[in-house]
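K.L.:
Got a sequence here, can you build the structure:
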Amino acid sequence: WRIMATATVPPPPRSTANPAPARTANSVRRTMSIDVCWPDGETGGRLFVGRCRDYRTPAGGGAGTVLDEAEYKATLAEDKTITAITATPAPAKIDQLVGVRGGNHLRLFIKETMPELISEGAPIYLPLDDISGTALVSAMSWAHWHENWAERLSASFKPEEMQKLMADRVNVCWGLAEGNSGVTGEGARSDIASTDAGDVRNPADPEGWHELYENEGPGFRRARRIEVQRDDAAGLIRIEAAFQDSVKRKSGGRGAIHEYNISAPADLASGRLLTLEPEARILPFGECPGAIHNAQRLVGRTLGEIREAVLEQLRGPQGCTHLNDALRALAEVPKLAGYLA
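P.N.:
Numbers count the residues shown, from 1 in each chain. Sure thing, here's the model as predicted:
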């Protein structure tokens, strides 16, 4: 059965939509990035630089206005524990994140400790929330700097530890559901992150993105773009969003690991999602795009409840970890639409 099933698995999507389109007139665009690097070498702590900016483009198009922006720098130990963090502007309780490990617990801790960041739609919340996912994926950066990276990683675990690690991956998400190629080992391995990530920045629209952090040596980047327009005549909020994880290549440029685009109109009065069109652009395994059809369960939910709805409806093999992250960020749309009121 496994041989037959594997033969029917389509190739994974491997085509970036970058660069970002030029800004649209009378819109607000939130761009967010987290860049990860290793200033003290592979075994040292990771430096996370998170940035977020809200930018309004006027009705006539052209240059616009920065409405809000934020930045943090955080150091994480090898076990993902935050050992230091500073931010501009600094939330009142940002220091309390020191000692917390990246993961779902961190997201819950931020929600409980600094709930005003969520309720106010503060730009810094999105890159703080994304520490969890970024801490998990960013180690892939070293795969493009060591040819034997996979072997070195395996050698760092005892056989029983590696068996448990592989077993724990099963049913984490749709792409790693039991029997799928990413679990059986028959899926893509060395070619993960080999797809050209392009550049999120559009050379024809230099104001379209905030300044990105650059580093020497291996590096990882999570980049997001959420663009919002109000269509008062139709009673709609029109949403275009993009999500990409990429790593620096030793040979130059960037290789993408995950990339999704999302188009969605929401009702202007209620904030309810009317339709939802996720597009898988770059993913590791051929089965991964199958998670998209379950995202339709969110249609009819309000943007304000989207984070909780994703957790309710798209847990484990019902969803894709990275699509879920892209969808949860739609909760930022009411803040952005409010700029256009």
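K.L.:
Provide a list of residues in contact with the nearest residue to Asn215 once chain neighbours are set aside.
P.N.:
In space, and not counting its chain neighbours, Asn215 is closest to Cys37: 3.9 Å by C-beta to C-beta, 6 or more residues apart in numbering. C-beta here means a position set from N, CA and C on the backbone, and glycine is covered the same way. Counting by C-beta atoms under 8 Å, 6 or more residues apart in numbering, Cys37 makes contact with 46-47, 215-220.
K.L.:
so where's this protein uncertain?
P.N.:
1-7, 149-157, 161-162, 164-167, 186-192 (pLDDT under 70).
K.L.:
and stretch 330-341, which residues are buried?
P.N.:
330-337, 339 (16 or more other C-beta atoms under 10 Å).
K.L.:
and for it, what are the contacting residues?
P.N.:
26-28, 30, 54, 56, 67, 118, 120-121, 126, 226, 228-230, 237, 239, 241, 262, 264, 266, 268, 271, 273, 303-304, 306-307.
K.L.:
thinking again about what came up before, tell me which of the buried residues of stretch 330-341 is nearest to Gly41?
P.N.:
Distance to Gly41 across those (C-beta to C-beta) is lowest for Glu332, with 35.4 Å.
K.L.:
His258 versus the closest one, what's the distance?
P.N.:
Per C-beta to C-beta, to the nearest Å, Glu332 is found 19 Å from His258.
K.L.:
Buried ones in stretch 299-309, by neighbour count?
P.N.:
301, 303-304, 306-307, 309.
K.L.:
just to revisit the earlier point, which among the contacts of stretch 330-341 count as buried?
P.N.:
26-28, 30, 54, 56, 67, 121, 126, 226, 228-230, 237, 239, 241, 262, 264, 266, 268, 271, 273, 303-304, 306-307.
K.L.:
Keep only those of these that are in strands.
P.N.:
Among the buried ones among the contacts of stretch 330-341, the subset assigned to strands under DSSP state E consists of 27-28, 30, 54, 56, 67, 226, 228-230, 237, 239, 241, 262, 264, 266.
K.L.:
right, and out of those residues, which lies closest to Arg169?
P.N.:
Closest to Arg169, out of all of those and judged by C-beta to C-beta, is Ile262, at 25.6 Å.
K.L.:
which stretches of the chain form helices?
P.N.:
Along the chain, the segments classed as helices by DSSP state H run 2-8, 104-113, 115-119, 125-129, 131-137, 149-155, 159-169, 181-184, 306-313, 321-328, 333-338.
K.L.:
Go through those and name the closest to Ala74.
P.N.:
helix 131-137 (7.0 Å).
K.L.:
Put the alpha carbons of that closest one into CSV.
P.N.:
Extracted in CSV, the C-alpha atoms of helix 131-137 (Å, rounded to 0.1, in the frame of the first residue of the first chain):
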residue,chain,number,x,y,z
ILE,A,131,9.0,33.5,18.5
SER,A,132,7.4,30.1,19.2
GLY,A,133,7.2,28.9,15.6
THR,A,134,10.4,30.6,14.6
ALA,A,135,12.4,28.9,17.4
LEU,A,136,11.2,25.5,16.1
VAL,A,137,12.1,26.0,12.4
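K.L.:
Please state the offset of it from the chain centre?
P.N.:
Helix 131-137 sits 9 Å away from the centroid of its parent chain (C-alpha atoms, centre = their mean, to the nearest Å).
K.L.:
contacts for that helix?
P.N.:
34, 36, 46, 48, 50, 74, 76, 80, 82, 102-104, 106-107, 220, 222, 245, 257-258, 321-322, 325.
K.L.:
any chance of the buried residues of stretch 299-309 in JSON lines, plus distance to Pro21?
P.N.:
Conversion of these to JSON lines gives the following (distance: C-beta to C-beta, whole Å):
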{"residue": "Arg301", "distance to Pro21": "27"}
{"residue": "Leu303", "distance to Pro21": "22"}
{"residue": "Gly304", "distance to Pro21": "27"}
{"residue": "Ile306", "distance to Pro21": "23"}
{"residue": "Arg307", "distance to Pro21": "26"}
{"residue": "Ala309", "distance to Pro21": "28"}
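K.L.:
Of those residues, which is the nearest to Arg14?
P.N.:
Distances from Arg14 to these, taken by C-beta to C-beta, are shortest for Ile306, at 28.1 Å.
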